[in-house]
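> no sequence for this one, just the structure:
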């Protein structure tokens, strides 16, 4: 498997709190993407971070990438109930035509 | 807005029956993918295609066939459905495969095999 065991998690937090989820991978990648999947929907990309970027921000989202430890994190500040979803990290595969390989996901539940 | 539509959104099939899941994209993307989602397994790649009339096996192709008759359409075929194929199936399209490329997903097809 491409993924470390810590990739499968469930987090419950109160609205307004910050949350950070982690992703570790085993095979070198130049890009990590983070996707969000809301209940009954398909995954949708949130943010893409490249190997030459240690950090990337988009609104309330902050992604980090540490290629030396082969890990990435996604933080959401000031969570809203609408942030309730499963969050996946994804990396490219050796044969890039095969698209992405996805981690097991972190289920985040935000309560009002 | 990128658009990938799947049909049917939900289906109940009998063991041994034939099931066809269809996917249509209006993104003008060359790459299309079928993923399977099961609790605890994330998304796993079944088949993919990078050009019409050609398909490739992904990580878990056994028991599945795929068909790409045009750039816009990509089908997943279960010739003999089995209980173990109960899952949610997602179709996705992308422009450059995985390299720096975003995948656009449909809303999923929930398949229950009885």
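The structure has been received and is ready for your questions. If you're wondering where the values come from, they're calculated on a predicted model, not measured in any experiment. Residues are numbered from 1 along each chain as shown, chains lettered A, B, ... in the order given.
> in the sheet, who's paired with the residue in chain B positioned nearest to chain A?
Nearest to chain A in chain B, going by CB to the nearest CB, is residue B:105, at a distance of 3.2 Å. Heads up, the C-betas are built off the backbone N, CA and C, glycines and all. Beta-bridge pairing of residue B:105 under DSSP bridges involves residue B:92.
> which residues touch it?
A:42, A:43, A:44, B:4, B:90, B:91, B:92 (CB atoms under 8 Å, 6 or more residues apart in numbering or on different chains).
> pop out the phi and psi values for whichever residue of chain A sits closest to chain B.
Chain B sits closest to residue A:42 of chain A, with a gap of 3.2 Å, by CB to the nearest CB. Phi and psi for residue A:42, reported as degrees, to the nearest 10, are phi -80, psi 160.
> same question, residue A:98
Dihedral angles (degrees, to the nearest 10) for residue A:98: phi -80, psi 10.
> got it, and residue A:23?
phi -150, psi 130.
> who in chain B is up against chain A?
B:4, B:31, B:33, B:35, B:40-43, B:45, B:48, B:50, B:56, B:58, B:90, B:92, B:94, B:96-103, B:105-108 (CB under 8 Å from any CB of the partner chain).
> pairing partners for the lowest-mean-pLDDT helix or strand in chain A, with directions?
Least confident helix or strand of chain A, by mean pLDDT, DSSP states H and E, is strand A:100-102 with a mean of 89. With DSSP bridges as the test, strand A:100-102 is paired with strand A:85-92 (antiparallel).
> what sits up against the strand it pairs with?
Contacts of strand A:85-92 (CB under 8 Å, 6+ apart): A:2, A:7, A:21, A:23, A:25, A:27, A:29-39, A:43, A:46, A:72, A:74, A:99-108, B:42-43, B:97-99, B:103.
> pull up the gap between the residue of chain B closest to chain A and residue B:63, please.
Relative to residue B:63, residue B:105 is positioned 22 Å away (CB to CB, to the nearest Å).
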